[in-house]
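Engineer: no FASTA, just this:
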C-alpha cells in the first residue's frame, strides 16, 4: 500500500491529477490525501491580524466546501476502492507546506498536474509542480493535462549515470508494483566509448537484480530531443528521471533537464530527487 498526496487548487488542471491518482490508488490499493494550501503572510499590526484571521477562517470554510463538491463530481467519474481524504492547511510557503505534509503523512508519492510548454516558455515558466520536483524527497509524478492512467507497462528510464546503482534501487519498488518493462536509455554526443558504457550499465543491472530491462544508447547532442524522440518511438506509458543538486551557476545556465521534460513531455513524468 502507498500513501499518495495530491496538492490541488481546485482548477480543472489539478482535477486531472486527482482522477489520475485515484486510478493508480485503485490498482495499488493505496490511500489518497488531497491537499489545499492557503497562503497568507502574517502582518505586524494587531488590528490587521484580527481581520486576517477572520479572512483565513472564511477561506478554510470555502476550501472545505470546494473539496466536498469536487469529490462528489470526481467520484461520479472514477470509482474509488478507498475513501479519499482531504486537508486544508495554512502556510507561508506552498513548497515547504507540501514537503512538511508529505513527511507527516508518510507519503510515498506526490501527484501533480502540469501543462505543456515549448520554446522559450518551457525554460522560463515556473510552476508549483516544477518547484516541488526540485525540493521534494518524495518522488513526484507530473501528470500532463488530459492524461488518463491505463498502465505503466512500458517505462522509459533516462539516466545520466552519475548515480546509476542508487537510482535503480530507488526506482525498483515503484516499477515492480506495475510489472513494468523498462527501457533504460543514456544519451551521448558521439559513438565514442559506447561499448564500455553499455558494459558498465549491464554490470550495475546484474548487481541490483533489476529485471525486464532493455538498455539503449542514444547518440544525440540534444538530450531533450533524444529522450522525447525515444519516448514517442517506444510508445511509453511513463518517463522517469532523477534530478541532482546543482550550483547556482548550473541552475542559471543549464536548467534541470528533468524539470524541462515535465513541460515538454506529453506523458507522465516520475521524478526522483537524488541527494
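Structural biologist: Done, it's in. Since the model is a prediction, treat every value here as computed from it, not as a measurement.

Engineer: tell me what the strand or helix carrying residue 6 is packed against?
Structural biologist: Taking DSSP states H and E as the criterion, residue 6 maps to strand 3-7. Packing contacts for strand 3-7, counted by 3 or more C-beta pairs under 8 Å, 6 or more residues apart in numbering; DSSP states H and E, involve helix 12-28, strand 31-38, helix 94-104, strand 109-114. C-beta: built from backbone N, CA, C; applies to glycine.

Engineer: got the angle for the shortest one vs strand 31-38?
Structural biologist: To tie it back to what came earlier, the one meant is strand 109-114. Calculated by axes from the mean of the first three to the mean of the last three C-alpha atoms, to 10 degrees, strand 109-114 forms an angle of 50 degrees with strand 31-38.

Engineer: do the longest one as well
Structural biologist: Taking the same axes, to 10 degrees, one finds that helix 12-28 is oriented at 160 degrees with respect to strand 31-38.

Engineer: by contact count, what packs against helix 12-28?
Structural biologist: strand 3-7, strand 31-38, helix 46-77, strand 109-114, strand 140-144.

Engineer: turn the ones you listed into CSV, columns for distance to residue 130 and mean pLDDT.
Structural biologist: Output for the helices and strands packed on helix 12-28, formatted as CSV (distance: least, C-beta to C-beta, whole Å; pLDDT from 0 to 100):
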stretch, distance to residue 130, mean pLDDT
strand 3-7, 13, 95
strand 31-38, 16, 94
helix 46-77, 24, 81
strand 109-114, 8, 90
strand 140-144, 8, 89
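
Engineer: would you format these as TSV with distance to residue 230 and mean neighbour count included?
Structural biologist: Compiled in TSV, these are given as follows (distance: least, C-beta to C-beta, whole Å; neighbours: other C-beta atoms under 10 Å):
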stretch	distance to residue 230	mean neighbour count
strand 3-7	28	23
strand 31-38	32	20
helix 46-77	33	13
strand 109-114	20	26
strand 140-144	17	26
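
Engineer: export the ones you listed as CSV, with columns for distance to residue 173.
Structural biologist: Shown next, in CSV, are the helices and strands packed on helix 12-28 (distance: least, C-beta to C-beta, whole Å):
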stretch, distance to residue 173
strand 3-7, 14
strand 31-38, 17
helix 46-77, 28
strand 109-114, 11
strand 140-144, 14
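
Engineer: out of those, which is closest to residue 152?
Structural biologist: Proximity to residue 152, assessed across the helices and strands packed on helix 12-28 by C-beta to C-beta, is greatest for strand 140-144 (10.1 Å).

Engineer: what strands line up against the closest one, and which way round?
Structural biologist: Here strand 140-144 is paired, per DSSP bridges, with strand 109-114 (parallel), strand 269-273 (antiparallel).

Engineer: got those as a markdown table, with distance to residue 98 columns?
Structural biologist: Shown next, in a markdown table, are the strands paired with strand 140-144 (distance: least, C-beta to C-beta, whole Å):
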| stretch | distance to residue 98 |
| --- | --- |
| strand 109-114 | 7 |
| strand 269-273 | 13 |
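
Engineer: of all those, which one is nearest residue 16?
Structural biologist: So among these, strand 109-114 is nearest, using C-beta to C-beta, at 5.3 Å.

Engineer: now do the closest one against strand 3-7, angle only.
Structural biologist: 30 degrees.

Engineer: can you give the contact residues for strand 109-114?
Structural biologist: Strand 109-114 is contacted from outside by 2-7, 13-14, 16-17, 20-21, 24, 98, 102, 127-130, 132, 136, 138-145, 174, 262-263, 269, using C-beta atoms under 8 Å, 6 or more residues apart in numbering.

Engineer: distance from that strand to the middle of the chain?
Structural biologist: Centroid separation between strand 109-114 and its chain, computed with C-alpha atoms, centre = their mean, to the nearest Å, is 5 Å.

Engineer: also stretch 197-214?
Structural biologist: On the basis of C-alpha atoms, centre = their mean, stretch 197-214 sits 25 Å off its chain's mean C-alpha point.

Engineer: what's the average pLDDT for the helix or strand containing residue 185?
Structural biologist: Element membership for residue 185 (DSSP H and E) is strand 181-188. In this model, strand 181-188 has a mean pLDDT of 94.

Engineer: neighbouring strands - and their directions - for that strand?
Structural biologist: Here, using DSSP bridges, strand 181-188 pairs with strand 154-158 (parallel), strand 213-219 (parallel).

Engineer: outline the domain layout of the protein.
Structural biologist: Domain assignment for the chain by automatic domain parsing gives 3-144, 154-273.

Engineer: many thanks, I have nothing further to ask.
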